[in-house]
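Engineer: coordinates only, sequence not included:
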């Protein structure tokens, strides 16, 4: 398989990063949702939150590689070509997902900064992006949580659309992003 995109399918680099991001998204969301199983202030709850921070920042690091990979070659065409409205909806959804992958880690980093908390990243502590300000931290937290909830819907729509194209439109939308089977 080509590592770069071709006119027929995405390259192995784009495909690999896509599926790695899927795993990261599941882990990011799972870590923040599962933390509530433990009482506040317990080591397990703190560990889940720390993993949420580190995995979220990993999304931020990988999104730039993903963007570079996405534009490393042509975007494979969908065959048969969907109607213009579907193509526009797909572009808008992809734009929203890219904004989510950039914006959520940034707001999380700013939230920790404004809260005056350390920003852990796999053995390193990242610098604060903004000065500590508890009121601002509260506002950023609201935005971060709202956009995080919106992310569930965006990801769900993305998955449903891919399955719709595969099972009802019978086009190659989904198969362009799947690893080749021998």
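Structural biologist: Received it, and whenever you're ready, just let me know what you need. Quantities reported herein were computed from a predicted structural model and do not represent experimental measurements. Residues are numbered from 1 along each chain as shown.
Engineer: Break down this protein into its helices, ranges please.
Structural biologist: Secondary structure of the chain, counting by DSSP state H: helices at 12-34, 43-70, 84-114, 134-164.
Engineer: I'd like to know which of the ones you listed is closest to residue 2.
Structural biologist: helix 12-34 (6.7 Å; CB to CB). (Glycine included, C-beta is placed from N, CA and C.)
Engineer: Please report how far residue 20 lies from residue 11.
Structural biologist: Going from residue 20 to residue 11 by CB to CB, to the nearest Å gives 14 Å.
Engineer: Could you list the low-pLDDT ranges of this protein?
Structural biologist: Flagging of the chain using pLDDT under 70 yields the residue ranges 181-182.
Engineer: tell me the centre residue of it?
Structural biologist: For the chain, residue 101 is the residue whose C-alpha lies nearest the centre (CA atoms, centre = their mean; 4.2 Å).
Engineer: Need the helices of the chain in CSV (columns: distance to residue 177).
Structural biologist: Shown next, in CSV, are these (distance: least, CB to CB, whole Å):
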stretch, distance to residue 177
helix 12-34, 6
helix 43-70, 11
helix 84-114, 12
helix 134-164, 8
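Engineer: beta partners for the residue nearest to residue 53 when sequence neighbours are not counted?
Structural biologist: By the measure of CB to CB, 6 or more residues apart in numbering, the closest residue to residue 53 outside its immediate chain neighbours is residue 120, 5.8 Å from it. With DSSP bridges as the criterion, the beta-bridge partners of residue 120 are residue 125.
Engineer: residues contacting residue 120?
Structural biologist: 50, 53-54, 126 (CB atoms under 8 Å, 6 or more residues apart in numbering).
Engineer: which of the residues you listed are buried?
Structural biologist: Among those, those that count as buried by neighbour count (16 or more other CB atoms under 10 Å) are 53-54.
Engineer: want to throw the contacts of residue 120 into JSON lines with distance to residue 69?
Structural biologist: Formatted as JSON lines, these follow (distance: CB to CB, whole Å):
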{"residue": "50", "distance to residue 69": "28"}
{"residue": "53", "distance to residue 69": "25"}
{"residue": "54", "distance to residue 69": "22"}
{"residue": "126", "distance to residue 69": "24"}
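Engineer: now, among the contacts of residue 120, which is nearest to residue 36?
Structural biologist: When the contacts of residue 120 are compared for distance to residue 36 (CB to CB), residue 50 wins out at 15.2 Å.
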